[in-house]
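> quick check, what structure comes out for this input:
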Amino acid sequence: MTLLAADPFYVSSDIKSKRHRRTKVEVDGIRRTILEILSADNPQTVRQLFYALTVRGVIAKQEIEYHRTVVRLLVEIREAGQVPFEHIADNTRWMRKPSTFVGLESCLNNTAKFYRRDLWAAMPVYVEVWCEKDALAGVLMEETELYDVPLMVARGYSSLSFLHSAAMVINDKQKPAYIYHFGDLDPSGVDASRDIEAKLRRYAPYSEIHFERPAVTRQQVEEWNLPTRPTKQSDPRAKKFGSNTSVELDAIPARRLRELVRGVIERHVDQQQLALLRTAEQSERELLSRWAATYGGSAQ
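Down below sits the predicted model:
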């Protein structure tokens, strides 16, 4: 039988590029580490899990390990029921469907369940969080949804239509806007951030815009010992980037990334005002539930 180097359980054994097949014990060890990581911190993207495994020295920092080891094992583990599917975030695929209900009572109950007051209507500023990668949206939403903050998925360089629409929202708020962009530390990631800021200012010239890039920074790479990768020299912006190493946003552990997002949002949240709003919100939810119960009883 011919052994293929591209098999998911083949790994480089030494500098001469010899390869060996992982034993069942080694594979089980990777599985256990995956379970430990996801049990301690979820949801995460597959890419974040890949970096977490490389930092622990469980697998090599090679793309073949990402595609043929991490992805494959995650399929097996989730289908075996060892890890809930929702522990892996994937916002790259989605569907559109209008909200529908079996009746008015169902509609009122649903409204009561998801009813939210506009937090930022009571705040003197407006806040948005921008993310370069749609796959990470499921991780960042853990914080942005809690504080009713728009999460803008830029996917690198955003289209003019998307940026113009975002600028019009900022303009309509008629209050200082704080924009926080989270992106890769590589030539295109840094330049995409610059491009977004420039166009938002161009399309909303009379708005007070404060633009900040909380991650990834060189300081974070050094302090947190984040895994790097070679900068793509084929990128036309590589020469001005000034570094031979780049870092993906996914290299930041999920918990730490959520803490960064929470931190920039909470700079602008009046906690006393938030507590009052939550109290009013709960009271109004209960009122909607009573309406639903009243309608349900009268309809019988």
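> show me what contacts Tyr206?
Tyr206 makes contacts with Asn171, as judged by CB atoms under 8 Å, 6 or more residues apart in numbering. Using the backbone N, CA and C atoms, a C-beta is placed for each residue, glycine as well.
> Three-state assignment for it, please.
Assigned by DSSP: H, G, I helix; E, B strand; the rest coil, the conformation of Tyr206 is coil.
> how close does it get to Ser165?
Look at Tyr206 and Ser165: by CB to CB, to the nearest Å, they are 17 Å apart.
> what does Glu132 give?
Glu132 sits 18 Å away from Ser165, going by CB to CB.
> same check on Leu74?
Going from Leu74 to Ser165 by CB to CB gives 35 Å.
> now do the longest helix along the chain, average pLDDT.
Assignment by DSSP state H gives helix 271-299 as the longest helix of the chain. Per-residue pLDDT over helix 271-299 has a mean of 85.
> check stretch 61-70 too.
Averaging pLDDT along stretch 61-70 gives 92.
> check contacts around Ala192.
Counted by CB under 8 Å, 6+ apart, Ala192 has contacts 132, 154, 156-158, 183.
> all helices for this protein, in order.
Remark: helices assigned in the chain by DSSP H are 24-40, 46-55, 63-65, 71-79, 104-114, 137-144, 160-173, 187-203, 218-224, 238-241, 254-266, 271-299.
> Ala89: which of those is closest?
helix 137-144 (2.9 Å; CB to CB).
> which residues sit against stretch 69-85?
Against stretch 69-85 from outside (CB under 8 Å, 6+ apart): 8-9, 27, 30-31, 34-35, 38, 46, 49-50, 53, 59, 88.
> measure Asn42 to Ala238 for me?
Distance of Asn42 to Ala238, computed by CB to CB: 35 Å.
> returning to what we had before: just how off-centre is the longest helix of the chain within its chain?
31 Å (CA atoms, centre = their mean, to the nearest Å).
> domain parsing of the protein, as residue ranges.
Each domain of the chain is listed here as a residue range: 10-87, 102-118+270-300, 124-269, per automatic domain parsing.
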